[in-house]
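> sequence unknown, structure follows:
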């Protein structure tokens, strides 16, 4: 593999560890914890791992030598920058415990555990991947570890390899399953600890004990780089409205962070749309109003950020999709017999009046997509909807109406972008490189402490890494019961954008000025070697959130 | 305007000037030059500016103080990283000639000259834009300076402001027009010099005397950054074929440079497709063959780069588009009356057998687009065709055929990307920051030398900037006669990818290995502060091209 100049230079970077982890550590236990909600149910489901105390590591003079340990590691779900550093931190951590410790990577996600696909990660391999993006060291996958059969099958290979601890690097679902696995292995006395590591670029795995998930920092910086570039272009040619969709279906943290970084003219926050019970037309009108206001000031250009998941947050559209799913499931044969040109009318006739009205308001292409492109379960494939085009087209229609009434005289040309895959595997920023390495190293310390069902934790993240507080959080502490696929299940509560949270309030305070003025900020590409204020700043979301609380 | 940390830090960067420009300069004249082709015609069209000698600046001890000069500057056409540095170099250059010199920027492109929209660029303004991307300092536009009326109108404001030299920063067309304007002002003895500066991210303005146009270096580095990130993602999840379209309609330099940087599995080069007289199906089959070969090795994933202009390089498609334009112009009314569901059949019936076959091979969506989306002149809007989706869909169809014959057993899921606006306004790389600043400074020296009809030139660009050779190239030297919009016109010959050139030969030698193996290289984001081998390398295209010749 030919390496780029940056890869070679970056390989030499030494992530900064919290000072507490730079020698021997001892564990300080906090009070017993409770789950985030539904305490009785969660306690019942996790009799062996419920109520554990928070753990904080403290420095201790004597570094006692311990027995070697064999550890397994799994990358689960979508890629996030820094995964390789979690693994290198974990590797260095278990080697510092005993140089004969071994690390095994299960290949292509949790499926590697079940199917016994693995490789030993030696220092040669680890060194190839330090400070690099991607999950390609062992690959990732979306197999869910949920069943007893999977757990038992996994245990076979763990026993064969003498693995006594498993580290699962994943998002909320994967960490939920890590907790279930930890509970199961504890219950059957399997002798395998399970430790989770909080990963997701979406930023929705965080709470009052987990300040952020890794990858969010780097991914949003890459998106902000290209959004900033597009804004420069927009402000140079002054002739397009750019509609930019950003990855993140279940929460709008990415869009919000990029808005704080770049100061675009409009940014839609799904959680606000839902909270205000806005219709699609209201969202469209809000954007159209910005276009009109800018046109009145001679500016027929602008930038709009849209979270990928928006459409599912609009109550009326959500209702329409649910009704369509039911309708097309119930009358699949009848619908299949309807000639193409009569399908639209058929759908409208068969929907409730409210949903028919929503359906009629959609551009023909999107409406067709909602009835035709269905997944193997017969459900609408919402992720295929090009929300950025849907909105820009509907805004154009609205502007046409306003022009007819003499209320708009501008020009309206559009460009569309979608950023997601561009940022998930970027080389980690210094923040993510340090954070991930520290999370992996902390996981090793948790393993050495003999605990299970914990998530690796670093706090005080807006301070320099030496001052970060390392420890472990019982995963059950973040859980509550939620309905998923028709059943009540214990899950880690997803962090949505809080409308009374500091990041959103900052955005809400500024956005009117950004709309009319052209207040673009250009963050530029991630820098690794320059001045600290350029290279080391964490995300603005984290900075605003942590301003108000210090651990 | 809130500045990002990088903007603030980067403002302090001092571009490196060629040593010859760091004191007084004197001009060394070469031999009289000839145009690239059609010497007699070009000579007739440019009686006053034809046959001028190449100029090279040499250092001279005595820096004689000169009279102040008033200079105008215009940004023409699409944005390219470094435009602001051309202007700051020009500003510093004319100030070094005399501190009372003045620089005026004409607003929103050449139209600003004609319409008398301008602003004086003072040091306060210039300092705000040093080393930044974009053309927002004065904006850009696509008005073509072509007519005597425009030239005369422009002269009014030039005289009013006492401007005796005009610098036009643009691509091949804009520099062609700069030469025509230079000739005209010389012919009427207007007392206004005209100097061109070679700009375009497309990389198609270069020849044996102009090594590269500015912006290409930075833009391709931004594209390579995100392509590299996508390749990491691809190689981590191992489940998608990513089809990535790259800006650049008239040449494939961008795609080729990104391929050399990133080593994707497939990269289509339009010039090769045309030279081999390939059909669309042959291009599709070539990609499908790569998909099959990788699937046979268990790899159902990969990355394909596609130049934006591909479709217009495929002889059969080019012919189809021309025939469609004629057909739909000749039978516009008849076509308008054809019901939507019968249009396809009508088009096929009315085309020649050859073009009908090409039309039938296209997916329905693209075929519809070719007949429906037409520009105000009734022509097919080729730029609207989503070539990346067209190809991936046709590859899918081809794979289906192969699967039916038992010749393909893989999985095929696709993702699509288009990068263009993401890179045109990036902060210039060190190379472009230096190159642009030097081009602007050289333009000032050319003005001081009293010449007109020259393009600012820096050569030896693969060496350190101190060793660059500064001078001027007569624009007429790059010209020949070509048919444009039905008329023979003097134009600067566009540089296409040369199939016997070093960059393409390097690619051609490696590509089979890249196809089957997974040889991805990850260039990462542009770095401004790190080691020289990370921050200062020019494009690989330039390096390979210049390896074989030294000025």
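That came through, no problem. All of these numbers come straight from a predicted model, not from anything done at the bench.
> relative to residue A:386, how far out is residue A:359?
For residue A:359, the distance to residue A:386 equals 17 Å [Cβ to Cβ, to the nearest Å]. Yep, even glycine has a C-beta here, placed from its N, CA and C like the rest.
> same question for residue A:348.
22 Å.
> who touches the strand or helix carrying residue A:74?
In the assignment (DSSP states H and E), residue A:74 maps to strand A:70-75. For strand A:70-75, the external contacting residues (Cβ atoms under 8 Å, 6 or more residues apart in numbering or on different chains) are A:83, A:87, A:90, A:94, A:101-106, A:109-110, A:112-113, A:118, A:121, A:135, A:138-140, A:158, A:161-170, A:444, A:447.
> for residue A:450, which non-adjacent residue is spatially closest?
residue A:193 (7.1 Å; Cβ to Cβ, 6 or more residues apart in numbering or on different chains).
> report pLDDT for residue A:548.
Predicted confidence (pLDDT) for residue A:548: 63.
> meant to ask about residue A:63, not that
Per-residue confidence (pLDDT) for residue A:63: 63.
> how about residue A:115?
Residue A:115 is assigned 97 on the pLDDT scale.
> out of the contacts of strand A:70-75, which sit inside helices?
Residues of these located in helices (DSSP state H): A:83, A:87, A:90, A:94, A:112, A:113, A:158, A:444, A:447.
> right, and the first one touches residue A:136 too?
This means residue A:83. No - with contact defined as Cβ atoms under 8 Å, residue A:83 and residue A:136 do not form a contacting pair (9.3 Å).
> which SS state does the most centrally placed residue in chain A fall under?
The C-alpha lying nearest the average C-alpha coordinate of chain A belongs to residue A:202 (Cα atoms, centre = their mean; 2.1 Å). Following DSSP: H, G, I helix; E, B strand; the rest coil, we place residue A:202 in the coil state.
> and for it, nearest residue in space, chain neighbours not counted?
Residue A:202's closest residue in space is residue A:248 (Cβ to Cβ, 6+ apart), at 4.5 Å.
> enumerate every residue touching that neighbour.
Contacts of residue A:248 (Cβ under 8 Å, 6+ apart): A:201, A:202, A:203, A:204, A:254, A:255, A:307, A:308, A:309.
> can I get those residues in JSON lines including pLDDT?
Shown next, in JSON lines, are the contacts of residue A:248 (pLDDT from 0 to 100):
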{"residue": "A:201", "pLDDT": "96"}
{"residue": "A:202", "pLDDT": "95"}
{"residue": "A:203", "pLDDT": "94"}
{"residue": "A:204", "pLDDT": "94"}
{"residue": "A:254", "pLDDT": "98"}
{"residue": "A:255", "pLDDT": "98"}
{"residue": "A:307", "pLDDT": "97"}
{"residue": "A:308", "pLDDT": "94"}
{"residue": "A:309", "pLDDT": "92"}
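> which one of these sits closest to chain B?
residue A:201 (11.0 Å; Cβ to the nearest Cβ).
> quick check on that closest one: phi, psi?
phi -70, psi -20 (degrees, to the nearest 10).
> one step back: I'd say the residue nearest to the centre of chain A and residue A:173 touch.
No - checked against Cβ under 8 Å, the pair residue A:202 and residue A:173 is beyond contact range at 11.7 Å.
> quick one: the strands in the stretch 351-500 of chain A?
Assigned by DSSP state E, counting those that start in this stretch, the stretch 351-500 of chain A shows strands spanning A:414-419, A:454-459, A:469-474, A:479-484, A:487-492.
> okay if I get these as a markdown table plus distance to residue A:407, mean neighbour count and mean pLDDT?
Listed next are these as a markdown table, based on distance: least, Cβ to Cβ, whole Å; neighbours: other Cβ atoms under 10 Å in any protein chain shown; pLDDT from 0 to 100:
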| stretch | distance to residue A:407 | mean neighbour count | mean pLDDT |
| --- | --- | --- | --- |
| strand A:414-419 | 20 | 21 | 97 |
| strand A:454-459 | 52 | 26 | 98 |
| strand A:469-474 | 54 | 25 | 97 |
| strand A:479-484 | 45 | 16 | 92 |
| strand A:487-492 | 47 | 18 | 94 |
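> can you list those strands in TSV and add distance to residue B:428?
Below are those laid out as TSV (distance: least, Cβ to Cβ, whole Å):
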stretch	distance to residue B:428
strand A:414-419	22
strand A:454-459	37
strand A:469-474	41
strand A:479-484	49
strand A:487-492	44
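> out of these, which is closest to chain B?
Of all those, strand A:414-419 comes closest under Cβ to the nearest Cβ, at 6.4 Å.
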